[in-house]
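Asks: compute the structure for the input listed below.
(one chain, ligands or ions: 1)
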Amino acid sequence: MKEPLPERFDDLGLIEPIARAVREEGYERPTPIQARAIPHLLQGRDLLGLAQTGTGKTAAFALPILQRLVTPTPPALRGPRPIRVLILTPTRELASQIADSFDTYGKHLHVRTVVIFGGVGMEPQKQALRAGMDVLVATPGRLLDLAGQGFLHLPHLEVFVLDEADRMLDMGFIHDVRRVIRLLPVKKQSLFFSATMPPEAQALADQLLKDPVRVAVAPVSSTAEKVDQELAYVDKADKRALLLELLRDVGMRKVLVFSRTKHGANKVADHLDEHGVGAAAIHGNKSQSARERALADFKAGKIRVLVATDIAARGIDIDEITHVVNFDLPEVPEQYVHRIGRTARAGASGYAVSFCEADERELLQAIEKLIRMQIPVLEGHPFEDRAPPPLRPGERVAMSPQAQMQARRDERRRAEQANRDRRGGGHARRDEPRRDEPRHADPRHGEPRRDPAAVARPAPAPSAPRPAPRPGDAPRPDGAGGGGRRRRRR
Ligand code: AMP
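Replies: Numbering: from 1, shown residues only. Below you'll find the model as predicted:
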């Protein structure tokens, strides 16, 4: 007979400092992948996890890994800490998120996590590697560059995590991944995560894993189907006014607004407050007590709106959020699903309204590709005249003047480099972005990264062609959400 799954974190066998960090994040019970994977991982088993971002998979591997790291390395190992855990992930955004999660869940332990990826200077990363660490989170290109230069040694590696394997393959990183695997010691615990299992991914898993436990969980995009979603095209300058307009709907009782930046979150909360809507902002620059106060006021209904950045919103577990508003679209499409999943908890119906300014339309395409539906458009709002039109299939967002300048600079640099290479007069520049490293810095500002090695903002996710609508994609006929305004299909 099958053992029942653990329903509480206390039943997973986690040590107190880790269980405490999880409690402090507001997590009440393990997600299915956590319940099914953690006990096996604590026993040192290999794992094949069929799961996407959004299922709680990061904690599923981070918590048992942190527990393992509590056992010190043998005293014979003097000098800088050896790398005991390597997590390979396809994009810089994911790398940063994973490193943040290790910091969060490991805050009562003494674990040092470093993140390295391309597109930023190498020097701080070299210094970090010299200083030593327990956990390294990296994208493959930069990792191989640093290993090739002799800065990376992995003889003491105990755990290897290959994250988002199918995406790695899609992005053409298969050879890089194989090269990284060749750098690793034979004896290690290996974890392999992928949302899908094409034959190439299966071959890689077969090569890497020994007698793995297999855990498959429902894809995160299915969460999105429970939430009634709307999209409002709006000029950047009109976003705050549109939010106020929507909030005239008294049905929006407990509203969580997502802002990409801390500064933006403050501005939105102040604007609402000035116009008589009780609001507070929470983000990394607020003190713990200010955050707790804002959360308590929101829970108690003293304020209607909480404006949060993605990182601050992690772990906010408030059941009765009536609406989520994406004041800015997230740069990582999966984050959209996390955000809207804050409403529609416990079987309740939830509503999410997303604002989309001209520069965000490619982000929108990536989101719609992930959730496999077109979000119904809110029509007839007062700022529609200045709103940008939807992108036509295949159309790209025009670049901002700064991005155009940067593109011209990059182009010049590449031409100069190509000339030098043709003359045989030099090596490829090591600080040139590689395939996994977007070439244009995003001109928008965001939350600073936690590690000096990761100083650049992630660039927007690559755009994707608009998928054909599926039969189930029609908007809800009741016009619910956002005050029952009319919608139009694109
Ligand atoms: P991931 O799939 O690892 O990207 O996690 C998705 C989101 O779920 C993150 O924002 C986590 O902070 C959150 N999360 C992870 N585990 C839990 C849990 N047991 N309870 C509530 N939220 C969680």
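
Asks: now do the contacts for the residue nearest to Tyr233 when sequence neighbours are not counted.
Replies: Excluding its sequence neighbours, the residue lying closest to Tyr233 (C-beta to C-beta, 6 or more residues apart in numbering) is Ala387, at 4.0 Å. In this view, the C-beta of every residue, glycine as well, is placed from N, C-alpha and C. Residues near Ala387 by C-beta atoms under 8 Å, 6 or more residues apart in numbering: Ala232, Tyr233, Val234, Asp235, Asp238.

Asks: one more: Met197?
Replies: If a contact means C-beta under 8 Å, 6+ apart, then Met197 has Leu50, Asp166, Ala205 as its contacts.

Asks: can you tell me which of those residues is nearest Thr322?
Replies: Sorting the contacts of Met197 by how near they are to Thr322, with C-beta to C-beta, puts Leu50 at the top with 33.2 Å.

Asks: the closest one against Val217, yeah?
Replies: Yes: in this structure, Leu50 is within contact of Val217 by C-beta atoms under 8 Å, at 7.0 Å.

Asks: on that earlier part again, distance of the residue nearest to Tyr233 from His175?
Replies: Summarising the geometry, the distance separating Ala387 from His175, computed by C-beta to C-beta, to the nearest Å, is 44 Å.

Asks: which SS class is Tyr27?
Replies: When the structure is split into helix, strand and coil by DSSP: H, G, I helix; E, B strand; the rest coil, Tyr27 lands in coil.

Asks: now Glu320, what's its secondary structure?
Replies: Secondary structure assignment for Glu320 (three-state DSSP): coil.

Asks: go on, Glu395?
Replies: The assignment at Glu395 comes out as coil when based on three-state DSSP.

Asks: give me the pLDDT for it.
Replies: As summarised for this prediction, Glu395 has a pLDDT of 73.

Asks: touching, Val161 and Leu94? I think so.
Replies: No: with contact defined as C-beta under 8 Å, Val161 does not count as touching Leu94 (11.4 Å).

Asks: which ones among the contacts of Met197 are found in helices?
Replies: Judged by DSSP state H, helices contain the following of the contacts of Met197: Asp166, Ala205.

Asks: now tabulate the contacts of Met197 in CSV and tack on pLDDT and distance to Gln125.
Replies: Compiled in CSV, the contacts of Met197 are given as follows (pLDDT from 0 to 100; distance: C-beta to C-beta, whole Å):
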residue, pLDDT, distance to Gln125
Leu50, 92, 32
Asp166, 87, 27
Ala205, 96, 29
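
Asks: out of the contacts of Met197, flag the one nearest to the ligand.
Replies: Of all those, the one sitting nearest the ligand is Leu50; the distance, using C-beta to the nearest ligand atom, is 13.0 Å.

Asks: how about the closest one, nearest residue that isn't a chain neighbour?
Replies: The shortest distance from Leu50 to any residue that is not its chain neighbour, by C-beta to C-beta, 6+ apart, is 3.8 Å, and that residue is Ala216.

Asks: how about the contacts of Met197 in TSV, adding distance to the ligand and neighbour count?
Replies: TSV is the format used below for these (distance: C-beta to the nearest ligand atom, whole Å; neighbours: other C-beta atoms under 10 Å):
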residue	distance to the ligand	neighbour count
Leu50	13	21
Asp166	15	19
Ala205	19	20
